[in-house]
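Asker: Let me see the structure of the following:
(chains A and B)
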There are 2 protein chains.
Amino acid sequence: MGVDPGSRCTGFGVIVMDGRTPQYVSSGVVKAEQGEAAPRLRTIFAGLQEVIQTYQPTEFAIEQVFVHHNPNSAIKLGQARGAAIAATFAHDLEIFEYSARQIKQSVVGYGNAAKEQVQTMVVSLLKLNAVPQADAADALACALCHSHNLR
Amino acid sequence: MGVDPGSRCTGFGVIVMDGRTPQYVSSGVVKAEQGEAAPRLRTIFAGLQEVIQTYQPTEFAIEQVFVHHNPNSAIKLGQARGAAIAATFAHDLEIFEYSARQIKQSVVGYGNAAKEQVQTMVVSLLKLNAVPQADAADALACALCHSHNLR
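Answerer: From the prediction side, this is the model:
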């Protein structure tokens, strides 16, 4: 399971390994309405717990976030990430963290790849018929990066 | 229950209202060892869940954080805050947020009060025999601010 955390939209993507070949299982976006922090974080926490309960992933790969120009956005993004990681604690999931650069390098072969290139590669690697929502594609890319890393 | 979130030390303080008089129940600090984000957040999450299970508070007051000069610290602090709030979700706790300014104004009567003044007032208001650790005192101050706000 890959996760791209965000204070408004948290993408998730579930893949399964068929030998060395990753196969698509599910993806989507948990949307937290605007407003106070606690109900937003509850939405992210409960949404990801539901995905975990449904698909029972064994590994959880989440995008690392480092630099942010706006400190208030950084706090909000950090909170979302904290709630997303906390959603795994009731389950026995191993947690892995990858930087955006590692994910792009792994999926596109180029650490500074554009968002659209990542999406195109996700569609191609998972043989999807449609392009997933941007945050879901990023989450699938994170899961794919982890699958490459396991080999 | 009041909480002062931090990426290394998360303070907590539990008080009970005896009519209009706040009484001390417990306080302390959850310390997260240095290292990767996930185990640190698990320590905060599990530590606060233990406090909640032990004292069964009905309300949870947490310090709001806004401005931070270092964006990486802001992300880490946000993560800790997200995990702290997520620790309440398995329980039926109402969540309240107060800014540092509101807490100081409420406990000391002056929004720009120094940390030491807050500690002195916490000791005085709760008739403590010893000064709690700094983060625990801030958490108790947050709980006291909420108790004042309820009146």
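Asker: which intervals of chain A have sub-threshold pLDDT?
Answerer: A:66-68, A:151 (pLDDT under 70).
Asker: At which residues are the helices of it located?
Answerer: According to DSSP state H, chain A carries its helices in the segments A:37-55, A:71-86, A:100-107, A:115-125, A:134-150.
Asker: For the first one, which helices and strands make contact with it?
Answerer: Yep, that's helix A:37-55 we're talking about. On a contact count with 3 or more CB pairs under 8 Å, 6 or more residues apart in numbering or on different chains; DSSP states H and E, helix A:37-55 meets strand A:9-18, strand A:21-31, helix A:71-86, helix B:71-86, strand B:94-98. Quick note: C-beta positions are derived from backbone N, CA and C, even for glycine.
Asker: about what we covered before: among the helices of chain A, show me which one is buried the most.
Answerer: helix A:71-86 (a mean of 26; mean count of other CB atoms under 10 Å in any protein chain shown).
Asker: Extract the C-alpha trace of that helix and format it as CSV.
Answerer: Only the C-alpha atoms of helix A:71-86 are listed here, as CSV (Å, rounded to 0.1, in the frame of the first residue of the first chain):
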residue,chain,number,x,y,z
PRO,A,71,5.5,26.8,7.7
ASN,A,72,1.8,26.7,8.4
SER,A,73,1.3,24.4,5.4
ALA,A,74,4.2,22.3,6.7
ILE,A,75,2.4,21.9,10.0
LYS,A,76,-0.8,20.9,8.3
LEU,A,77,1.0,18.5,6.0
GLY,A,78,2.9,17.0,8.9
GLN,A,79,-0.4,16.5,10.9
ALA,A,80,-1.9,14.7,7.9
ARG,A,81,1.2,12.5,7.6
GLY,A,82,1.1,11.8,11.4
ALA,A,83,-2.5,10.7,11.3
ALA,A,84,-1.9,8.6,8.1
ILE,A,85,1.0,6.8,9.8
ALA,A,86,-1.0,6.4,13.0
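Asker: Would you mind getting the angle between it and helix B:71-86?
Answerer: 50 degrees (axes from the mean of the first three to the mean of the last three CA atoms, to 10 degrees).
Asker: which helices and strands does helix A:71-86 pack with?
Answerer: helix A:37-55, strand A:59-63, helix B:37-55, helix B:71-86.
Asker: follow-up on the earlier one: with distance to B:Gly28 added, can I get the helices and strands packed on helix A:37-55 in CSV?
Answerer: Formatted as CSV, those follow (distance: least, CB to CB, whole Å):
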stretch, distance to B:Gly28
strand A:9-18, 32
strand A:21-31, 33
helix A:71-86, 20
helix B:71-86, 14
strand B:94-98, 20
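Asker: circling back: now render the helices of chain A as CSV, adding distance to B:Arg81.
Answerer: Shown next, in CSV, are these (distance: least, CB to CB, whole Å):
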stretch, distance to B:Arg81
helix A:37-55, 8
helix A:71-86, 5
helix A:100-107, 23
helix A:115-125, 28
helix A:134-150, 22
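Asker: out of these, which comes closest to B:Gly111?
Answerer: Of all the helices of chain A, it is helix A:71-86 that lies closest to B:Gly111, at 19.5 Å by CB to CB.
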